[in-house]
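Engineer: no sequence for this one, just the structure:
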């Protein structure tokens, strides 16, 4: 097999750590959904982790807000994130392959997964991050 073909098939740069968002955005479990939405808007992220006493206990996403709050409640401004967050936080180790992250996300019907190293969350991978991943993979195949 030629070196070029071997390189195209290689998974050495397919690890989650190369595609994750390194910022870990979090809010208090006592925050409101409005505060969560504003945090997502201010940071440009589609999710925030929910923190209680220094531990991540859940996650709130754009989808959670639209499906669980706005579409179903009369007064979404008063809803606390701890009452509607998804839990537990699903994680993947940073050295795992992107395809593994995708399969975990598909199995759990989620669009965001926390990335960890040594049991500490260090970033996030969202369905949006797969665009960069697949553009890179496909551009190698088309060379």
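Structural biologist: Sure thing, it's come through. Note that the coordinates shown come from a computational prediction; the quantities given were computed from them, not determined experimentally.
Engineer: where do the strands sit along the protein?
Structural biologist: Using DSSP state E, the strands of the chain run over 26-28, 47-52, 55-61, 91-93, 112-117, 120-126.
Engineer: among the helices and strands of the chain, which has the poorest mean pLDDT?
Structural biologist: Ranked by mean pLDDT, DSSP states H and E, the weakest helix or strand in the chain is helix 3-9, scoring a mean of 50.
Engineer: The residue nearest the centre of the chain - nearest residue in space that isn't next to it in sequence?
Structural biologist: Nearest residue to the geometric centre of the chain (C-alpha atoms, centre = their mean): residue 112, 2.7 Å. The shortest distance from residue 112 to any non-neighbouring residue, by C-beta to C-beta, 6 or more residues apart in numbering, is to residue 47 (4.3 Å). Quick note: C-beta positions are derived from backbone N, CA and C, even for glycine.
Engineer: That neighbour: what's it in contact with?
Structural biologist: By C-beta atoms under 8 Å, 6 or more residues apart in numbering, the contact list for residue 47 reads 25, 40, 59-62, 112, 124, 126.
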